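Participant: kindly return the folded structure for what I paste below:
(one chain, ligands or ions: 1)
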Amino acid sequence: MTDLIQIKGVTHAYRTPNGPLPVLDDLNINVPEGEFAAVVGPSGCGKSTLTRLVAGLMKPDSGEVWLHGKRVTSPRKTVGMAFQNPVMLEWRTILQNVILPLEIVAPSMPRKDRVARAEELLALVGLSGFEDKRPSELSGGMRQRASLCRAIVHKPDVLIMDEPFGALDAFTREDLWQTMHELRAKEPFTAVLITHDLRESVYLGDQVFVLSGRPATTQYVMNVDYPGEGLRKLDGLYTPEAAQMLATLREQIQIAQGRQPGPEVH
Ligand SMILES: Nc1ncnc2c1ncn2[C@@H]1O[C@H](COP(=O)(O)OP(=O)(O)OP(=O)(O)O)[C@@H](O)[C@H]1O
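Facilitator: Residues are numbered from 1 along each chain as shown. Model prediction:
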């Protein structure tokens, strides 16, 4: 079967006043339908650039991005996005914020169906009862939960997340990881997650792609063999198997950073 996301030999440089800044160099990433790809790499290596290319917000200098058998050449409605700082419209309630993509992608969908869909998702992430609140009335973790609902409300082919949990405290972050697994179990989607957190990459990813330093290429791919069956448990992160995976990834990041052991990533 063809992979749902295919990034084929993508090379890109930004034009800057000081000349071209090569950011991606012959990058190749394939993600099968329903799988969760985590992408890690040194700071500034080009991870966010990769998300823009997959979403069709930018075109690469060379190489191709394919989603669901179609070449990406312009912004795609079938992509959902979530970022570190969820941009919520304060003049809309949480429910109205979650519904927003449906207003754009499915304008003919009856309002009651949109509301039902948003309510269903908000319940899945534990936000029942908060539908009528304004974004500023919610905690950071709750806003991120709502933003995940908004990112998948229109059932996108692909969910792209750029450090969505990066600004949250450790406990809230782990709660959100669990929520991601529960969402996936009920609403299967294909995902690309950019993260600086190796534990997060192992807990959420089916595959972890380690990018090299800039210009980034695919340096290493790990197929995550997470300990235990079924829905992943946080306890699994404290097993020897997980420790081995984390050690391997840490080593790869150090190679990518081109220097000896240091504390850049957690
Ligand atoms: N629009 C742009 N124009 C010029 N340079 C850019 C532009 N966007 C990003 N860059 C530069 O390209 C490089 C890669 O940026 P990018 O944001 O993709 O990296 P990243 O891996 O996501 O970084 P981080 O890990 O710090 O979030 C950086 O050096 C950045 O300064």
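Participant: in the stretch 151-266 of the chain, which residue sits nearest the ligand?
Facilitator: R214 (6.0 Å; C-beta to the nearest ligand atom). In this view, the C-beta of every residue, glycine as well, is placed from N, C-alpha and C.
Participant: tell me the pLDDT of the nearest residue to E163 once chain neighbours are set aside.
Facilitator: Closest residue to E163 apart from its sequence neighbours, by C-beta to C-beta, 6 or more residues apart in numbering: Q84 at 4.4 Å. We note a pLDDT of 79 for Q84 in this prediction.
Participant: ok, now which ones touch Q84?
Facilitator: Taking C-beta atoms under 8 Å, 6 or more residues apart in numbering, we find Q84 in contact with D162, E163, P164, F165, G166, A167.
Participant: strands of the stretch 1-150 of the chain, start to end?
Facilitator: Taking DSSP state E, counting those that start in this stretch to define them, one finds strands in the stretch 1-150 of the chain at 5-16, 19-31, 36-40, 62-67, 70-71, 79-83.
Participant: which outside residues touch the helix or strand bottoming out on mean pLDDT in the chain?
Facilitator: Using mean pLDDT, DSSP states H and E, strand 79-83 stands out as the lowest-scoring helix or strand of the chain, at a mean of 85. Residues outside strand 79-83 that contact it (C-beta under 8 Å, 6+ apart) are 51, 54-56, 67, 101, 144, 147-148, 150-154, 156-164, 189.
Participant: if we go to 7 Å?
Facilitator: 55, 147-148, 151-152, 156-162, 164 (C-beta atoms under 7 Å, 6 or more residues apart in numbering).
Participant: lowest-confidence one in those residues?
Facilitator: Across the contacts of strand 79-83, the bottom pLDDT score, 85, is held by D157.
Participant: skipping its backbone neighbours, what lies nearest it in space?
Facilitator: T78 (4.3 Å).
Participant: remind me which helix or strand E241 belongs to.
Facilitator: helix 240-257 (DSSP states H and E).
Participant: follow-up on the earlier one: so what's the residue nearest to D157 scoring on pLDDT?
Facilitator: 81.
Participant: where does the stretch 1-150 of the chain dip in pLDDT?
Facilitator: 1 (pLDDT under 70).
Participant: can you give me the helices for it?
Facilitator: 47-54, 94-105, 111-124, 140-152 (DSSP state H, counting those that start in this stretch).
Participant: show me what the third one is packed against.
Facilitator: Packed against helix 111-124 by the contact rule (3 or more C-beta pairs under 7 Å, 6 or more residues apart in numbering; DSSP states H and E) you find helix 94-105, helix 140-152, helix 170-186.
Participant: pLDDT at G228, what is it?
Facilitator: Note on G228: pLDDT of 77.
Participant: hang on, S212 packs against I253?
Facilitator: No. If you go by C-beta atoms under 7 Å, S212 and I253 don't touch, sitting 10.0 Å apart.
Participant: which parts of this protein sit against the ligand?
Facilitator: Within reach of the ligand by C-beta under 6 Å from any ligand atom, the chain has these residues: Y14, T16, L21, V23, S43, G44, C45, G46, K47, S48, T49.
Participant: quick one on the thing from earlier: save the helices of the stretch 1-150 of the chain as JSON lines, and put in mean neighbour count too.
Facilitator: Listed next are these as JSON lines, based on neighbours: other C-beta atoms under 10 Å:
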{"stretch": "helix 47-54", "mean neighbour count": "22"}
{"stretch": "helix 94-105", "mean neighbour count": "19"}
{"stretch": "helix 111-124", "mean neighbour count": "16"}
{"stretch": "helix 140-152", "mean neighbour count": "23"}
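Participant: out of those helices, nearest to A247?
Facilitator: Nearest to A247 among the helices of the stretch 1-150 of the chain is helix 47-54; the distance by C-beta to C-beta comes to 21.8 Å.
Participant: now the angle from the closest one to strand 19-31?
Facilitator: Interaxial angle of helix 47-54 relative to strand 19-31 (axes from the mean of the first three to the mean of the last three C-alpha atoms, to 10 degrees): 70 degrees.
Participant: which residues does helix 47-54 contact?
Facilitator: With C-beta under 7 Å, 6+ apart as the test, helix 47-54 has contacts from 5, 10, 12, 23-24, 27, 39, 41, 58, 60, 65, 72, 160, 162, 192, 194, 211.
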